[in-house]
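Colleague: here are the coordinates; sequence isn't available:
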Ligand code: GDP
């Protein structure tokens with residue numbers, strides 16, 4: 001049993017750290033890749049021999065024939081979007097063979113979740129959360145109300161109709177009563193769901209049992225997180241968080257695997273800070289300095305994979321990343337985007353925050369973040385194009401010093417250094 005290698009790949013920051021690329025590399029040696037939380041509300045960018053893909057619900061092992069891709073019970077499964085996502089990939093790679101398992105316990109994200117998400121953002125006006133309007137918050141609220149429909153429930157006609165009838169009784173009270181919107185006919189939703197029976201029949205499985213067997217057979221299993229530690233609903237920058245747990249600790253629940261089986265937690269961080277969406281961002285840069293950094297990162301398409309919103313950028317935030325790595329219980333770090341910094345004469349790193357005149361190095365409670373000011377330490381730049389380099393020793397001294405400095409600040413060894421968006425642009429330490 002213990003010969004099975006289980007690695008969680010998760011974000012140490014606000015998401016968009018480049019987990020897709022790291023997972024894509026690791027997926028080459030994996031047997032199983034599991035998504036354990038979230039839904040279509042974020043995207044992993046993968047650049048491979050077929051082109052550039054933004055995967056939303058599909059696990060990143062999709063491009064490897066032998067990998068079993070699992071959408072775990074902790075996810076929000078939107079069947080209609082998943083079908084479109086798969087079709088989009090097959091349009092570009094028609095003969096791609098992939099293996100997909102949808103856990104029988106994954107709840108369905110349905111059209112009313114998206115509708116409620118849109119209506120609520122509209123109601124909030126200028127107090128919007130900046131939701132991607134993928135229905136994630138209403139979905140998880142319904143799940144914890146114990147009203148969501150799990151995938152295993154869609155085959156028994158009478159059962160499904162009754163469940164939907166009861167569900168939409170309440171949904172319509174909210175739609176009509178709170179938002180003055182049109183009610184939803186539960187039979188319309190029934191029709192939309194049952195269309196997917198053949199697809200679900202082909203792909204539904206028992207992920208817990210499958211993963212137990214995979215562990216017994218010593219298989220390599222990757223658990224793939226979405227977004228980052230600072231978007232975790234509990235430990236993140238609440239309320240500017242997602243509605244699920246983005247932490248490796250939750251991977252056990254959301255995938256269906258024992259917590260002690262996860263021995264390796266690879267947290268991904270960027271060599272600078274970037275974030276899509278609202279919320280406090282202490283090290284955020286503005287004006288030309290931000291434009292330049294965004295533009296340099298822009299070679300890698302620095303726009304949210306789903307929303308197309310420009311990313312907010314800043315220099316590396318060691319305070320936030322140290323906390324993010326701690327929340328993830330990271331055993332190693334992958335640092336991406338170091339190539340982006342090659343234009344800088346000097347590289348500032350945010351090593352502390354100043355709050356009410358006091359210097360703090362522990363990431364503070366969310367309500368204090370708005371008044372926190374970044375305290376920088378300045379490192380010399382490396383001023384060299386480093387994209388072709390594959391060995392750590394061959395990097396310029398100042399780039400190596402930067403990596404070692406960050407490693408010390410975060411307190412977790414950096415084992416992968418990504419110096420370009422392509423799969424092969426990677427240095428293993
Ligand atoms: P994820 O959700 O964590 O996978 O992150 P995204 O896919 O949203 O964003 C990461 C972006 O950075 C993508 O555009 C990647 O192609 C790009 N990227 C990943 N690693 C590197 C790197 O080392 N250098 C550069 N320049 N871009 C990178």
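Modeller: Right, received. Where do you want to start? These numbers come from a predicted model, not from an experiment.
Colleague: only C-alpha atoms for contact and neighbour calcs from this point on.
Modeller: Noted.
Colleague: how about the helices in the stretch 251-400 of the chain?
Modeller: In the stretch 251-400 of the chain, the helices defined using DSSP state H, counting those that start in this stretch lie at 287-298, 318-328, 366-369, 397-410.
Colleague: Please name whichever of those helices is nearest to residue 346.
Modeller: helix 397-410 (10.0 Å; CA to CA).
Colleague: Check whether residue 347 really touches residue 376, as I assumed.
Modeller: No. Counting by CA atoms under 8 Å, residue 347 does not reach residue 376; the two are 9.5 Å apart.
Colleague: Tell me which of those two has more neighbours.
Modeller: Neighbour comparison, residue 347 and residue 376: the larger count goes to residue 347, with 21 against 18 (by other CA atoms under 10 Å).
Colleague: what sits against the more buried one?
Modeller: By CA atoms under 8 Å, 6 or more residues apart in numbering, the contact list for residue 347 reads 315, 341, 378, 379, 380, 381.
Colleague: quick check: longest helix of the protein.
Modeller: helix 157-172 (DSSP state H).
Colleague: so what does the lowest-mean-pLDDT helix or strand in the chain touch, helix or strand wise?
Modeller: Ranking every helix and strand in the chain by mean pLDDT, DSSP states H and E puts strand 44-48 at the bottom, with a mean of 83. Applying 3 or more CA pairs under 8 Å, 6 or more residues apart in numbering; DSSP states H and E, we find strand 44-48 packed against helix 19-27, strand 51-55.
Colleague: quick revisit: filter the contacts of residue 347 down to the ones in strands?
Modeller: Using DSSP state E, the subset of these located in strands is 378, 379, 380.
Colleague: What is the burial count for the second one?
Modeller: By the criterion of other CA under 10 Å, residue 379 has 16 neighbours.
Colleague: That one contacts residue 344, doesn't it?
Modeller: No. The pair residue 379 / residue 344 is not scored as a contact, 10.0 Å apart, by CA under 8 Å.
Colleague: what's the pLDDT at the residue of the chain positioned farthest from its centre?
Modeller: Most distant residue from the mean C-alpha position of the chain: residue 158, 36.6 Å away (CA atoms, centre = their mean). pLDDT recorded at residue 158 is 98.
Colleague: try residue 3
Modeller: The predicted local confidence for residue 3 is 68.
Colleague: do the same with residue 127
Modeller: The model reports residue 127 with a pLDDT of 83.
Colleague: where in the stretch 201-350 of the chain is pLDDT low?
Modeller: Residues of the stretch 201-350 of the chain meeting the criterion pLDDT under 70: 298-310.
Colleague: ok, stretch 328-344 near the ligand or not?
Modeller: Yes. Stretch 328-344 reaches the ligand (CA under 6 Å from any ligand atom) through 336, 337, 339, 340.
Colleague: Buried ones among those residues?
Modeller: Buried positions within these, assessed by neighbour count (16 or more other CA atoms under 10 Å), are 336, 337, 339, 340.
Colleague: For the closest residue to the ligand within the stretch 201-350 of the chain, give its distance to residue 233.
Modeller: Using CA to the nearest ligand atom, the single residue of the stretch 201-350 of the chain nearest to the ligand is residue 337, 3.4 Å away. Counting by CA to CA, to the nearest Å, the gap between residue 337 and residue 233 amounts to 27 Å.
Colleague: How about residue 34?
Modeller: 20 Å.
Colleague: Could you do residue 243 as well?
Modeller: In terms of CA to CA, residue 243 sits 5 Å off from residue 233.
Colleague: Distance of residue 406 relative to the ligand?
Modeller: Per CA to the nearest ligand atom, to the nearest Å, residue 406 is found 16 Å from the ligand.
Colleague: Perfect, that will be all.
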